[in-house]
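**Student:** one predicted model, sequence on top.
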Amino acid sequence: MREYARLYIDGAWQVPSGQGMAEVIDPASEVAIGRVPMGDEQDVERAVNAARRAFADWSRTPSSRRAGYIRALAEQLRAQAGEMADVITSELGMPVQWCQMVQVDGPVEGLEQYVELAGLMDEVREVGNSLVYREAVGVCAFINPWNYPLHQMIGKLAPALAAGCTVVVKPSQETPLHAFLLAEMIDAIGLPAGVFNLVSGPGSKVGEALARHPQVDMVSFTGSTGAGVRVSQAAAPTVKRVCLELGGKSPLLITADADLEAAVRHGVQDVMINSGQTCTALTRMLLPVERYAEALEIALAETRALVMGDPRDPQSFLGPMCSAGQRRTVLDYIRLGQEEGARLLCGGDSAPGLERGFYVAPTLFADVDNRMRIAQEEIFGPVLCLIPYADEQQAISMANDSPFGLSSAVWAGNRERGLALARQMRAGQCFVNGGGFNYRAPFGGYKQSGNGREWGEEGLGEFIEVKAVQL
Ligand code: NAP
């Protein structure tokens, strides 16, 4: 049991003003594994004031020194990677087969990029009689989701520290424990007081108070599109910068000349990892009608071969949903898909053979029409829609017929063909023939998937103000 009775504010563990503690549930055992404070508006006030006080010195600290703290944090995280992965498996339910690699080692690699990128803050551009400087935005609030909790945290924290911003972080109530462990690491490396502050609690209270606060210069939000809209509305009266990283319903377009076996197997695995709770999951597979029957067989065989079970079992590919609420949502969508007339190929039930835990079996829907709600709305579970297309023009228009534009993928007979199709996708990412995630490249969405970018140089840009000095 991990129990944290205090919040990390102004470089110290402080008694919260908010009353009560929130339990953290292990979604595999349904047993409480931790407790954290329910912070309130007064805790937000204290944290924002601490971040404001720390900003003047931190933003003027030489970038090489800030880079030193980032390096120290990366080293600390590497030293405690096993413990961090264990915490995330417990609170999220991602199997150990994946958890450390995806949830910890990847983000640390991303963090390390900013040791070097911090130096970009010193670049001064000369334009005619002007010098253009880069300066830190100011006090930043981070509101985070639960599905890749450390990844989301580091995607904001690393560039913010590099730029010279100070931060107040609100983790998701489902998965707050990793954030408390991270705060312990930040304390251990001696980051100056007030640069990093942690306030746990409900989004409707702590999140809204951060978004509204006049002393917060920027809010970086990752989560659902609906909550992102509410955060933008709360932030609007103070004209603060709002960076949104929202949901998705991403397509995988497979061409008729593609290696069908490789493409379909990759597509199935992409959706099922983290039990479909991935913002970029390729949940709409667009298949040439002449190879549709063959593709369904491959998808079915691949799905049946995936092991669902206890996240602590090294054999498990999929674990449970993060919460009982998420399982309910996913099962409701599966019922809706059947009502809409899609053909259930497999799955659709909650836990065959597993008495405890918030499991949903990996589910395939065939004969899906791209206009059905199960093809238009983000389900956020292990549910893949298999959609036939007549020609590539139709496939491209279906791929782009979505309110979202976070990610996309193409699997084609060759790279050039894949690249040509990638350029036609209205999405912030496109993965060609199985290309992998790159922590040096910008990440973010088009359309209702958001308006910001994380990681790489563009990720730093989110935390920068530019000042023109005329001589
Ligand atoms: P969510 O319900 O929108 O919650 C995200 C965060 O916002 C939580 O910390 C939540 O607090 C808080 N929140 C909720 N309502 C709020 C409000 N009115 N004001 C301020 N804060 C508020 O999303 P989720 O279920 O945690 O995460 C899943 C979603 O995130 C999916 O849509 C997924 O696609 C998206 N996502 C996007 C990306 C990306 O990079 N584009 C990455 C990962 C996930 P509580 O603790 O009270 O819930």
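**Tutor:** Received it, and whenever you're ready, just let me know what you need.

**Student:** please make it C-alpha for all contacts and neighbour counts, starting now.
**Tutor:** OK.

**Student:** what does this structure have sitting close to the ligand?
**Tutor:** Near the ligand, the residues belonging to the chain are 143-146, 171-173, 202-204, 207-208, 222-224, 227, 230-231, 245-248, 279 when assessed by Cα under 6 Å from any ligand atom.

**Student:** select only the buried ones of these in PyMOL?
**Tutor:** Buried members of the residues of the chain next to the ligand, defined by 16 or more other Cα atoms under 10 Å, are picked up in PyMOL with:
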select buried, resi 143+144+145+146+171+172+173+202+203+207+208+222+223+224+227+231+245+246+247+248+279
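
**Student:** in strands only, show me the residues of the chain next to the ligand.
**Tutor:** The members of those that map onto strands under DSSP state E are Ile143, Thr222, Glu245.

**Student:** out of these, which one sits closest to Ala179?
**Tutor:** Ile143 (11.8 Å; Cα to Cα).

**Student:** so who does Met84 touch?
**Tutor:** For Met84, the residues meeting the contact criterion (Cα atoms under 8 Å, 6 or more residues apart in numbering) are Leu77, Gln100, Val104, His178, Leu181.

**Student:** am I right that Val216 is in contact with Lys240?
**Tutor:** Yes - Val216 sits in contact with Lys240 when judged by Cα atoms under 8 Å, with a separation of 7.3 Å.

**Student:** retrieve the pLDDT associated with Ala227.
**Tutor:** Per-residue confidence (pLDDT) for Ala227: 97.

**Student:** meant to ask about Ser350
**Tutor:** 78.

**Student:** assign it to helix, strand or coil.
**Tutor:** coil (DSSP: H, G, I helix; E, B strand; the rest coil).

**Student:** Leu287 reaches Asp391, doesn't it?
**Tutor:** No - with contact defined as Cα under 8 Å, Leu287 does not reach Asp391; the gap is 9.6 Å.

**Student:** and the two? which has more neighbours close in?
**Tutor:** Neighbour count, other Cα atoms under 10 Å: between Leu287 and Asp391, Leu287 has more, with 26 against 14.

**Student:** hang on, that one in a strand?
**Tutor:** Yes - assignment of Leu287 by three-state DSSP places it within a strand.

**Student:** so what's Tyr389 up against?
**Tutor:** Leu286, Leu287, Pro288, Val289, Ala395.

**Student:** just give the nearest non-adjacent residue to the second one, would you?
**Tutor:** Spelled out, that is Leu287. When the adjacent residues along the chain are set aside, Leu287 lies closest to Pro388, with 4.8 Å between them (Cα to Cα, 6 or more residues apart in numbering).

**Student:** doesn't the one you found lie inside a helix?
**Tutor:** No - secondary structure assignment (three-state DSSP) places Pro388 in strand, not in a helix.

**Student:** any weak-confidence spans in the chain?
**Tutor:** By pLDDT under 70, the chain contains no weakly predicted segment.

**Student:** what about the top helix by length along it, distance to the chain center?
**Tutor:** In the chain, ranked by residue count with DSSP state H as the criterion, the top helix is helix 41-60. Mean-position distance between helix 41-60 and its chain equals 25 Å (Cα atoms, centre = their mean, to the nearest Å).

**Student:** what sits against the residue of the stretch 251-400 of the chain found nearest the ligand?
**Tutor:** Closest residue of the stretch 251-400 of the chain to the ligand, Cα to the nearest ligand atom: Cys279 (3.6 Å). Taking Cα under 8 Å, 6+ apart, we find Cys279 in contact with Leu246, Gly247, Gly248, Lys249, Phe380, Leu406.

**Student:** quick one: which of those residues is nearest to the ligand?
**Tutor:** Gly247 (3.1 Å).

**Student:** closest one of the ones in strands among the residues of the chain next to the ligand to the ligand?
**Tutor:** The shortest separation between the ligand and any of those is 3.6 Å, and it belongs to Glu245 (by Cα to the nearest ligand atom).

**Student:** and the closest one, what are its bridge partners?
**Tutor:** According to DSSP bridges, Thr222, Gly450 are recorded as the beta-bridge partners of Glu245.

**Student:** kindly report the same for Phe196.
**Tutor:** Applying DSSP bridges to Phe196, the residues it is bridged with are Val167.

**Student:** my guess is it contacts Val168, does it?
**Tutor:** Yes - between Phe196 and Val168 a contact is recorded at 6.1 Å, counting by Cα under 8 Å.

**Student:** joint contacts of these two?
**Tutor:** By Cα under 8 Å, 6+ apart, the residues touching both Phe196 and Val168 are Ala51.

**Student:** do you know how far the residue located most distally from the centre of the chain is from Val124?
**Tutor:** Here the chain has its C-alpha centre computed as a mean, and the residue farthest from that point, by Cα atoms, centre = their mean, is Leu471 with 43.4 Å. Counting by Cα to Cα, to the nearest Å, the separation of Leu471 from Val124 is 14 Å.

**Student:** related to what we said a few turns ago, doesn't Ser130 make contact with the residue farthest from the centre of the chain?
**Tutor:** Yes - applying Cα under 8 Å, one finds Leu471 in contact with Ser130, separated by 6.0 Å.

**Student:** hang on, the earlier thing: next, the residue of the stretch 251-400 of the chain closest to the ligand: phi, psi?
**Tutor:** Dihedral pair for Cys279: phi -60, psi -30, per degrees, to the nearest 10.
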